[in-house]
Every structure is written in C-alpha cells, then in structure tokens.
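1. fold the following and give me the result.
(one chain, ligands or ions: 2)
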Amino acid sequence: MFRNFKLVPNVIFGRGCFSQLDEIIEKQRADKDAWAVFVTDDVFQGKDLEKRIPLHNNDLLLWVNVDDEPKTSYVDKLTLEVRNTRSTLPCAVIGIGGGSSMDLAKAIALMLTNEGSSTLYQGWDLIKNPAIYHAAVPTLSGTGAEVSRTTVLTGPEKKLGMNSDYTVFDQIVLDPELIRDVPRDQHFYTGMDCYIHCVESLEGTFLNEFSKSYGEKSLDLCRQVFVDNHPDKDDKLMMASFFGGMSIAYSQVGACHALSYGLSYVLGTHHGIGCCITFDVLEEYYPDGVKEFRTMMETSGIDLPRGLTANLTDTQMETMITVALGLDPLWENCLGKDWKSIMTRDKARSLFLKI
Ligand code: NAD
Ligand code: ZN
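-> Ligands and ions are numbered 1, 2, ... in the order given. Got it, this is the predicted structure:
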C-alpha cells in the first residue's frame, strides 16, 4: 500500500517575506467580524518581531511558553482560552516560533474543531473534522515541523503526535531573516535535528527515491551551513529543514529518534539536544554520520552534556527502554524486519548508559 502524501499547498520563501503575512491572512477574513489568532513564542515579547505581527482589531495575540515542550494539558488550556475569547471561531491560527510553537498552533487549530481533550487524538488519523485554516512562520529551523503531518505532544500516558492530513499547515512563510538571531547552541541542536533526520532516512531500510532526493539535498545544505559556514547559511538551513522534513515524511527516522523519545519522556530532555546527545553514541549504526556530526560539533564550538542517565532509578531506566522500543517503525527502518533480535532491552540499556 502506498501512502498518498499530503503537502503544504502554499509556501512563500525569501528574506523579508514575513511582511506579506497580512495580505496572506486577509484572504481568510470573510467579513468584518473575522478574527485571527497569532500563537507566538514568548521569547519575542518586547522584540522587534512583536511590532511586525499584523494584528487587526479583533485578533488575539496568544503568547506561548515553550520552556517545556508541548503537553496535551497545555494545548487543552490554550484551546479553551481561544474559545472563550469570542463567540465565533477564528478564521486563522498562525504559529510563530520554533518546532514547539508551530506544533502548538497545529494542535490548537485541530482542537478548535474536534471535541474533547487532545489526549483523545494522539495517534494516527484519529482526527475527525478539518482544522481551522493554519499557517506557520518558523523562527528556528531544523525540525521540519513546518511540513510534517504531525504535532508532537506529551500526554499523561504517552508522547505521541496527532498525525493526520488535517494537521498539515495550509500555508508556510519561510523568511530566513527570522532565524538570524537564534542563540548558537540552539541553532546547532535544532540544525542537527535536521542533519540526523537525513542520515536516518538515507541509511534506513525504508529508503526510496522520493526520500533520497530530498534527503541528499538537505544533507548537502546542512554541510554548507555547519562545515562551510556559508554566508547564506540562514537561507540554506531553512531549506534544509523543509527538505529534511519531506525526506522523513515518505520514509522514517531511526535509532536516534527512538532512543531520544525514551530520554525525553523520562527526563524531559528537549528534542534537538536530546537527539544530539543520543546520536553521539550511535557510531555502531551510523558510522559516517556520527563522525561528520562530531566534526560539525567541533567547528561550532559545542560541548554536549554527559552522564544524563547516571542517576536513574531502575524503574526510570525500564520506562526509558520501553518507550524507545515501543517505536517499531523507527527500529524497522534502522535495522530491518528482524530488529527485535538485534535491539534487545539489554542492548538499549547499554546505549542509554553511555548517554
Ligand atoms: P523550540 O521551538 O522548542 O525552541 C527552542 C528554544 O529556542 C526556545 O527557548 C525558543 O523560545 C527559542 N527560540 C525560537 N526561535 C528563536 C529565535 N528566532 N531567536 C531566539 N530564540 C528562539 O525548538 P525546536 O528545536 O525548533 O523544536 C522542538 C520541538 O519540535 C519539540 O517539541 C519537538 O517534539 C518538535 N518537533 C516536531 C516535529 C514535527 O514534525 N511536528 C518534528 C521534530 C520536532
Ligand atoms: Zn527530529
């Protein structure tokens, strides 16, 4: 069975294109009462970008905090806040920020038209009704959240996305000027998320020409950013993120993402840094990728924290292993159909102990 892959229908790219956001959203404002919600990372409070958000009278500027990566409880709270703002639903939800803020915007747009808590929809194709029109403006590049059909959420029982065709953004605004001031460490961690997406996709058993074409180009762009320090590196990383997302959408990620999900579920480690720490111990599976990753880390002057699992209780370690090994497709992509005989609980434990 081949998947019929839903794409983002509208993309605008270029330095300064954020200025066109108003005219893009205008098309969604059917009458004078129509209102939009700008789901915006609170890191921009008081910054120049705040003044450039094209707010109309009835619009809601919803600041979101991403110190913790998105949780279902936070999505439910924010959705209620939007519902209680006016008696009508908004005509558009626009996410401005990194992967976390974009995922929150996707989740709010979905939950405004689907009953109950977001915990009910963590899984594949559980969403019943189309979302409110939703758009993304990335201010941090690497996750590929701008093109994916998921919004990753941590719930009381699991860390799992709401995966559906309705999750895909209707519009993305790719303005490389917006990622210029990302702190160096964060730029590296999220950029490496993209690099690791490509390595896992290109080294995986699910590889096909669609994923390969996007993955190879994305990897090439990552090298221009993190090895060559190219003067147009912001433009390049923004496109690398987009292409990396396209590559995994039609293949899968692998061992690094599976293990880092376990790490993040138990310790709350953020996605980008969690992937970096995990990838660094996966030489056995991705020898060339890990070698190049270490060179990029050195060039970027990044030191990774170590010893994260040193003080775990047995129960925490067992949970970490269970969460990681629960991601069957990721392991099958990395190690083939027979993966369970290779990635045993003991093997996973030995890898976690190196982290
Ligand atoms: P993030 O959105 O969590 O942001 C990281 C930090 O960078 C935050 O403190 C944020 O405030 C700050 N920041 C963002 N833009 C900035 C800017 N321009 N200048 C200064 N600071 C800025 O980081 P991320 O790595 O982009 O996203 C990680 C999240 O994305 C995780 O929740 C992960 O689960 C999710 N994710 C989603 C997908 C998907 O397909 N939906 C894929 C991969 C990861
Ligand atoms: Zn990732």
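2. so which strand or helix has the nearest residue to residue 343 once chain neighbours are set aside?
-> Once flanking residues are discounted, residue 343 sits nearest to residue 331: 5.6 Å by CB to CB, 6 or more residues apart in numbering. C-betas here are computed from N, CA, C, even on glycine. Using DSSP states H and E, residue 331 sits in helix 328-335.
3. where does this protein have low pLDDT?
-> Residue ranges of the chain with pLDDT under 70: none are present.
4. near ligand 1, which residues of it? Just list them.
-> Selection of the chain residues close to ligand 1 by CB under 6 Å from any ligand atom yields 41, 43, 66, 69-70, 97-101, 103, 139-140, 143-145, 148, 150-152, 178-179, 181-183, 186, 190, 271-272.
5. about what we covered before: run a quick neighbour tally on the residue nearest to residue 343.
-> 22 (other CB atoms under 10 Å).
6. and what of the one 4 residues further on?
-> The number of residues packed around residue 335, counting by other CB under 10 Å, is 18.
7. for it, list the residues it contacts.
-> 205, 255, 285, 342, 343 (CB atoms under 8 Å, 6 or more residues apart in numbering).
8. thinking the first one is in contact with residue 331, fair?
-> No - at 10.2 Å, residue 205 does not count as touching residue 331 under the criterion of CB atoms under 8 Å.
9. what residues are up against the residue in the stretch 201-350 of the chain that ligand 1 sits nearest to?
-> Nearest residue of the stretch 201-350 of the chain to ligand 1 (CB to the nearest ligand atom) works out as residue 271 at 3.7 Å. Residue 271 sits next to 69, 99, 143, 152, 193, 260, 264 when contact means CB under 8 Å, 6+ apart.
10. ok, the second one - how many residues close by?
-> Which is residue 99. Residue 99 has 29 nearby residues by other CB under 10 Å.
11. next one: it from residue 22, what distance?
-> According to CB to CB, to the nearest Å, residue 99 and residue 22 sit 24 Å apart.
12. same question for residue 164.
-> On the measure of CB to CB, residue 164 and residue 22 end up 29 Å apart.
13. could you do residue 355 as well?
-> Taken as CB to CB, the span from residue 355 to residue 22 is 46 Å.
14. more neighbours: which of the two?
-> Between residue 355 and residue 22, counted using other CB under 10 Å, residue 355 has the larger neighbour count: 23 against 14.
15. that older thread, got any residues that touch both of residue 205 and residue 331?
-> With CB under 8 Å, 6+ apart as the test, residue 205 and residue 331 reach no residue in common.
16. give the buried residues for stretch 297-312.
-> Going by neighbour count (16 or more other CB atoms under 10 Å), the buried part of stretch 297-312 is 297, 300, 302, 304, 308, 309, 312.
17. just the helices from the stretch 151-300 of the chain, written as ranges.
-> 184-202, 209-226, 233-249, 255-267, 271-279, 287-300 (DSSP state H, counting those that start in this stretch).
18. could you list the domains of this protein?
-> By the assignment in automatic domain parsing, the chain contains the domains 10-179, 184-352.
19. end to end on the last one, go ahead and measure it.
-> Looking back up the chat, that one is domain 184-352. Using CA to CA, to the nearest Å, the end-to-end distance of domain 184-352 comes to 26 Å.
20. what's the answer for stretch 116-126, then?
-> Stretch 116-126: ends 12 Å apart by CA to CA.
21. so how far is it from its chain's centroid?
-> 18 Å (CA atoms, centre = their mean, to the nearest Å).
22. buried sites along it?
-> Judged by neighbour count using 16+ other CB under 10 Å, the buried positions of stretch 116-126 are 117, 118, 119, 120, 121, 122.
23. and for stretch 209-227?
-> In stretch 209-227, counting by 16+ other CB under 10 Å, buried: 211, 214, 215, 217, 218, 219, 221, 222, 223, 224, 225, 226.
24. make sure the fourth one is actually in contact with residue 243.
-> Just to be clear, that refers to residue 217. Yes - using CB under 8 Å, residue 217 makes contact with residue 243 at a distance of 5.1 Å.
25. now do the contacts for the nearest residue to residue 348 once chain neighbours are set aside.
-> In space, and not counting its chain neighbours, residue 348 is closest to residue 321: 4.8 Å by CB to CB, 6+ apart. Going by CB under 8 Å, 6+ apart, residue 321 touches 262, 345, 348, 349, 352.
26. and residue 321, what helix or strand is that in?
-> Per DSSP H and E: helix 314-325 holds residue 321.
27. can you give me the buried ones in that helix?
-> Quick answer for helix 314-325 (16+ other CB under 10 Å): 317, 320, 321, 323, 324, 325.
28. that helix vs helix 328-335, what angle?
-> Angle of helix 314-325 versus helix 328-335, following axes from the mean of the first three to the mean of the last three CA atoms, to 10 degrees, is 70 degrees.
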